[in-house]
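Trainee: got a sequence here, can you model it:
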Amino acid sequence: MGKYNIKNKVLFIVLIGFVLSFSILGFLNTSNAYTSEYKLVEEKNLEMVNNTSDFIEDYLKSKIVVVESVAKQLSKIDIDNQNNEFLSKLVLGRDAGGFADLYLGYEKDGSLILSTGEIYDLASKNYDARKRPWYMKAIELNKSSVSEPYTDVVTGKLIISVVTPLIVNDKTVGVVGSDIFLDTVVDTILNLKIHESGFAYLLDKKNKILIHKNKELLNKQSIAFKSFEKSKDSDFNILEVEGVKKIISYSKISLTDWYLVIELDNDAVFKKLIDNIIKDIITYIVLLVIFISILYFSLTKMLQPLKTLENGFNEFFAYLKGDTENVQKLNLNSQDEFGKMANIIDKEIELISVNFENDKKLIENVKTVVNRVKDGKLDKFVSVETNNKSLNELKEILNEMISQISSNVHDNINEIITTLDLYSKSNFTQSIQNPKGDIARGLNNLCTTINEMLNENKSTGITLETNSTKLSSNVDILNRASNETAAALEETAAAIEEITSTVVNNTEKISTMTSYSNQLSSSISQGENLANTTVQSMNEINEQTNAIAEAITIIDQIAFQTNILSLNAAVEAATAGEAGKGFAVVAQEVRNLAARSAEAASEIKTLVENATNKANNGKKIADDMINGYKQLNDNISKTTKIIEDIAQSSREQRTSIEQINDVVNNLDKQTQQNAVVANETQDIAVETSQIAKKILNDVNSKEFRS
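Mentor: Next comes the predicted model:
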């Protein structure tokens, strides 16, 4: 537990505080130092590169002013007359601007006149100024400009051309140009006072190196500046170039679109700063160790009394728990807060020990009373007093509880338990003697009530058993009668069902007979109609036969006359001799034909007479048939009427029998339901008898006062 004491906790908290404070302070100082150094480097480099670029731009602007002044002077004279005044202005401009030379290129023929008076043209030198880059740039921009740097062939120095168009009467007549040695610009850039790891150089807008201390890098691309974001006229940043961190700052020379760049080695610039940061960290750690050591020994000395307090409290708490019989004072002789606190604790320990002894006496008294209560006796109370308000309240509550329990229950719980034990064994013959509590009196009243109830249950059970036996017997008789009635009704219903079936069958057959009778009546009517038709046909046949007989009579007369005519013809043929032989043959054939016709007519006549007789007989028979059909139709109509009456009666009988059958079926169902109810009543009667027996058995199994 020693590692969790207050001294270690305080030391740990203070240690954490010091470590955090020193760490935060060191981090802030280091961060501020690095930020300040970074800002200083940034400001210094940007200031240097901006000032240098401004110097270069001002230097070039001053040269442009001189060239523009010369062009202005030349625009006022006749430039075609290359006299002394013309040349003197070129010389004056050359000397004023410190140019290597000052010259004029003509637009009309491309000739070039130097300040020395020397002339370059197509005729003598095959030279055309109009095709030179400096000339074309001035014409293209139509304003003053500076050419890209180039190396002079003679001197080997870096030269640029400053040019401006010569305008006369709003017309470009030529270009005034000058050559400038960039020694001043080169010296200014190369002699910048930069960190020993840094250097400055000049780039054109295509990232080509124009001025650099390393001659081998001239006219080559700058690797560092190539990856730089050039969205501003000047900027500062730290970039990684070929694995090495570089501090890059630049400024744009707007007149020429050149870039002046200063490049430093990041590690070399910040090396001294990092060394200082390491020294500061070591210093902070040493100071932290010293502060912690001093704090540890100081706290150890100041918190020494806490150990004495801890031991004293442990002994006091052991006394309170009952592990020791006596309590020892702290006896801490110190004038500080711990000593004062120890004196107060000693006084409190002495007071607490006295009260604690009184409390123990009261608790012993409580134990005695509680043990007596555990034995079921509530006739003793707690009597010891103490200064502990809570224990006194506990005593009062306990005494009040004992008094209340005694008043509500009984002063001797054992008597109640004994009585309840008898009750649990169904023995209700005994009561509590001299009951003093509500529960004791209630148990006696309960015992009296139970005895009365058991006596009443016994009487009720006997009555119920007797009545249930009678009910069971009567229900059994009713059940048998219901079953017999149900059987008889079932047989009656079956017989009526058969009668109903027979009546229904007869009704259906009578309906069939009626149908057949109607069909027969219809057939008789059809037969009568056919007989009338036959009579009519016989009359027509008779008329036709008479007509045929008349026709045959005519045919017979014709045959007779034909025969006479044929005889006359034969006589005439015989009289004619040979000439009449052929005619005699024909007459003979005609006579033969007439004879056959007479014979056939005679036969037909006989047949017609026979047919007429038979037709008359048929007509008579048909008339008899018509009369017979009429009588038969009358008889069948009477029979059909009788059958319809029988059918109506059968239907009425069927309806009556079906109603009787429904009534019998309803009686059968009601009787069966009565039988079911009787069976259920029988079951209830048996069950009631069993319940009565159980009640009597249950009552008889208990002991009670009769």
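
Trainee: domain ranges for the chain?
Mentor: If you go by automatic domain parsing, the domain ranges for the chain are 20-276, 305-408, 443-701.

Trainee: average model confidence for the last one?
Mentor: Averaged over domain 443-701, pLDDT sits at 75.

Trainee: want to throw the domains of the chain into JSON lines with mean neighbour count and distance to S293?
Mentor: Where you see a C-beta, it was placed from the backbone N, CA and C, and this is true even at glycine. Formatted as JSON lines, the domains of the chain follow (neighbours: other C-beta atoms under 10 Å; distance: least, C-beta to C-beta, whole Å):
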{"stretch": "domain 20-276", "mean neighbour count": "16", "distance to S293": "14"}
{"stretch": "domain 305-408", "mean neighbour count": "14", "distance to S293": "20"}
{"stretch": "domain 443-701", "mean neighbour count": "15", "distance to S293": "82"}
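
Trainee: can you put these in CSV and add distance to L11?
Mentor: Formatted as CSV, these follow (distance: least, C-beta to C-beta, whole Å):
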stretch, distance to L11
domain 20-276, 15
domain 305-408, 13
domain 443-701, 72
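
Trainee: quick check: longest helix in the protein by residues?
Mentor: Identified as the longest helix of the chain according to DSSP state H is helix 438-576.

Trainee: report the next helix or strand after it in sequence order.
Mentor: helix 581-701 (DSSP states H and E).

Trainee: quick one: list the elements packing against that following helix.
Mentor: On a contact count with 3 or more C-beta pairs under 8 Å, 6 or more residues apart in numbering; DSSP states H and E, helix 581-701 meets helix 438-576.

Trainee: where along the stretch 251-400 of the chain do the strands fall?
Mentor: 258-265 (DSSP state E, counting those that start in this stretch).

Trainee: now the helices for it?
Mentor: Counting by DSSP state H, counting those that start in this stretch, the stretch 251-400 of the chain has helices at residues 266-302, 304-321, 337-374, 389-408.

Trainee: worst average pLDDT in those?
Mentor: helix 304-321 (a mean of 65).

Trainee: from S511, how far out is K230?
Mentor: To S511, K230 is 124 Å away according to C-beta to C-beta, to the nearest Å.

Trainee: sorry, slip of the keys, the one I care about is G437.
Mentor: 98 Å.

Trainee: now swap in S293 and tell me
Mentor: Plainly put, S293 is 137 Å away from S511 if you go by C-beta to C-beta.

Trainee: now do Q221
Mentor: With distances taken as C-beta to C-beta, Q221 is found 129 Å from S511.

Trainee: what of K220?
Mentor: With C-beta to C-beta as the criterion, K220 and S511 are 134 Å apart.

Trainee: and E603, by the same measure?
Mentor: E603 is 60 Å from S511, by C-beta to C-beta.

Trainee: before we move on, back to that, among the domains of the chain, which comes closest to T419?
Mentor: Nearest to T419 among the domains of the chain is domain 443-701 (6.0 Å), distances taken as C-beta to C-beta.

Trainee: any idea how far the closest one is from the chain center?
Mentor: Centroid separation for domain 443-701 versus its chain: 78 Å, with C-alpha atoms, centre = their mean, to the nearest Å.

Trainee: now K208. Its backbone dihedrals?
Mentor: phi -90, psi 130 (degrees, to the nearest 10).

Trainee: residues in contact with it?
Mentor: For K208, the contact set (C-beta atoms under 8 Å, 6 or more residues apart in numbering) comprises N219, K220, Q221.

Trainee: partners of it in the sheet?
Mentor: Q221 (DSSP bridges).

Trainee: measure it to V14 for me?
Mentor: Distance from K208 to V14, by C-beta to C-beta: 65 Å.

Trainee: try N388
Mentor: Noted for N388: a distance of 42 Å to V14, by C-beta to C-beta.

Trainee: ok, A675 next?
Mentor: From A675 to V14 the distance is 105 Å (C-beta to C-beta).

Trainee: one more: S36?
Mentor: For S36, the distance to V14 - C-beta to C-beta - is 32 Å.

Trainee: equivalent analysis for S23, please.
Mentor: Counting by C-beta to C-beta, the gap from S23 to V14 is 14 Å.

Trainee: contact partners for the residue nearest the centre of the chain?
Mentor: In the chain, the centroid-proximal residue (C-alpha atoms, centre = their mean) is E229; its distance is 49.4 Å. Contact analysis of E229 by C-beta under 8 Å, 6+ apart lists D235, N237.

Trainee: name the residues that touch stretch 467-485?
Mentor: The contact list for stretch 467-485 (C-beta under 8 Å, 6+ apart) reads T671, N674, A675, A678, N679, T681, Q682, A685, V686, T688, S689, A692.

Trainee: which ones are touching the second one?
Mentor: The neighbourhood of N674, defined by C-beta under 8 Å, 6+ apart, consists of S482, T485, A486.

Trainee: can you redo the residues you listed as a markdown table with distance to N142?
Mentor: As requested, those are exported to a markdown table (distance: C-beta to C-beta, whole Å):
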| residue | distance to N142 |
| --- | --- |
| S482 | 140 |
| T485 | 143 |
| A486 | 139 |
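
Trainee: and for L15, the neighbour number?
Mentor: Neighbours of L15 under the rule other C-beta atoms under 10 Å: 16.

Trainee: what's the distance between A224 and K271?
Mentor: Counting by C-beta to C-beta, the separation of A224 from K271 is 20 Å.

Trainee: to clarify, my last question referred to K39.
Mentor: Here K39 is placed at a distance of 18 Å from K271 (C-beta to C-beta).

Trainee: now D634
Mentor: Taking C-beta to C-beta, one finds D634 at 156 Å from K271.

Trainee: same check, this time on N479
Mentor: With C-beta to C-beta as the criterion, N479 and K271 are 125 Å apart.

Trainee: now A622
Mentor: Taken as C-beta to C-beta, the span from A622 to K271 is 160 Å.

Trainee: same question, L11
Mentor: L11 is 39 Å from K271, where distance means C-beta to C-beta.

Trainee: swap in G17?
Mentor: With distances taken as C-beta to C-beta, G17 is found 34 Å from K271.

Trainee: and what of Y34?
Mentor: Y34 is 12 Å from K271, by C-beta to C-beta.

Trainee: D379 too?
Mentor: 100 Å.

Trainee: now do the same contact list for the nearest residue to F181 once chain neighbours are set aside.
Mentor: Using C-beta to C-beta, 6 or more residues apart in numbering and skipping the chain neighbours, the partner closest in space to F181 is K157 (5.0 Å). For K157, the contact set (C-beta under 8 Å, 6+ apart) comprises T151, F181, L182, D183.

Trainee: residues in contact with the first one?
Mentor: When contacts are counted by C-beta under 8 Å, 6+ apart, T151 is found next to K157, L158, I159.

Trainee: isn't the second one up against Y150?
Mentor: In other words, L158. Yes. If you go by C-beta atoms under 8 Å, L158 and Y150 touch, sitting 7.4 Å apart.

Trainee: re the thing from before, what two of the contacts of stretch 467-485 are the furthest from one another?
Mentor: By the measure C-beta to C-beta, T671 and A692 form the most distant pair in these, at 30.5 Å.

Trainee: and L104, which of the three is it?
Mentor: Put simply, L104 is strand when judged by DSSP: H, G, I helix; E, B strand; the rest coil.
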